[in-house]
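A.B. asks: Build me a structure from this.
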Amino acid sequence: MTQENKEPEGIDGDVETLRLRARKGALKKKNISEIKNHKFIPRFFKHPTFCCHCKDFIWGFGKQGFQCQVCSFVVHKRCHEFVTFVCPGIDRGADTDDNRTKHRFCVHTYSSPTFCDHCGSLLYGLLHQGLKCEACDMNVHKKCTESVPNLCGCDHTERRGRINLKIQTSGNKLMC
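C.D. replies: Alright, predicted model coming up:
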């Protein structure tokens, strides 16, 4: 009987030492940057990708840019703070879907290499590579249509050289 009692104690002792050596719930904290309900995480891009905010090529070593975990919106590290619209993947209620600004996408065949205006990656294929909005000429993948914000006709991108001037008139004179 003493031998039978010792074996379980030895097994219990091994389990106890393994339990003591195991990690105690420490998880690696993801570097999530939340801006306008977008949950941006740093990302390394294996394929050529364009920033959906400034339309420049994302390049460099390591994690070159950020991608929203909810809607897959891709931006440079320098551009993620300047995103102007709320993440379309976050539900804000029934009254927020405005039909006047919805895109009118139709299937399109591109004759030259074209990149998605939402996720920044290449539209692959020979025929019917993606969808193009009839009103604002936005190009997207079929999978990206659900994630695109309803901002048809609104320019949510940043262009180089854009300047913000406040001009007022006083009589017949212009004043900055």
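A.B. asks: Not counting its neighbours along the chain, what's nearest residue 101?
C.D. replies: With Cβ to Cβ, 6 or more residues apart in numbering as the criterion, residue 101 has its nearest non-adjacent residue at 4.7 Å, and that residue is residue 150. The way it works is simple: take the backbone N, C-alpha and C, and place the C-beta from them, glycine included.
A.B. asks: so what pLDDT did residue 128 get?
C.D. replies: Note for residue 128: predicted pLDDT of 92.
A.B. asks: Could you check how far it is from residue 53?
C.D. replies: For residue 128, the distance to residue 53 equals 27 Å [Cβ to Cβ, to the nearest Å].
A.B. asks: Among those two, which residue is more densely surrounded?
C.D. replies: Neighbours around residue 128 and residue 53, counted as other Cβ atoms under 10 Å, are more numerous at residue 53. The numbers are 22 against 12.
A.B. asks: neighbours of the closest residue to residue 168 other than its chain neighbours, just the number please.
C.D. replies: Nearest in space to residue 168, with sequence neighbours left out and distances taken as Cβ to Cβ, 6+ apart, is residue 175 at 5.0 Å. One way to gauge burial is a neighbour count; for residue 175, by other Cβ under 10 Å, it gives 9.
A.B. asks: same check, this time on residue 64
C.D. replies: Applying other Cβ under 10 Å, we find 18 other residues in the vicinity of residue 64.
A.B. asks: now swap in the one 10 residues further on and tell me
C.D. replies: By the measure other Cβ under 10 Å, the count of residues near residue 74 is 26.
A.B. asks: quick one: pLDDT of it?
C.D. replies: In the prediction, the pLDDT value recorded for residue 74 is 92.
A.B. asks: Which positions are bridged to it in the beta structure?
C.D. replies: Residue 74 has the following beta-bridge partners by DSSP bridges: residue 67.
A.B. asks: please renumber so the chain begins at 778
C.D. replies: All right, first residue 778 from here; so that's residue 851.
A.B. asks: quick one: it from residue 897, how far?
C.D. replies: Counting by Cβ to Cβ, the gap from residue 851 to residue 897 is 4 Å.
A.B. asks: Quickly list what's touching both of the two.
C.D. replies: For the pair residue 851 and residue 897, residues contacting each of them under the criterion Cβ atoms under 8 Å, 6 or more residues apart in numbering are 822, 826-829, 835.
A.B. asks: related to what we said a few turns ago, isn't the residue nearest to residue 878 right up against residue 881?
C.D. replies: No - taking Cβ atoms under 8 Å as the definition, residue 927 is not a contact partner of residue 881, at 11.3 Å.
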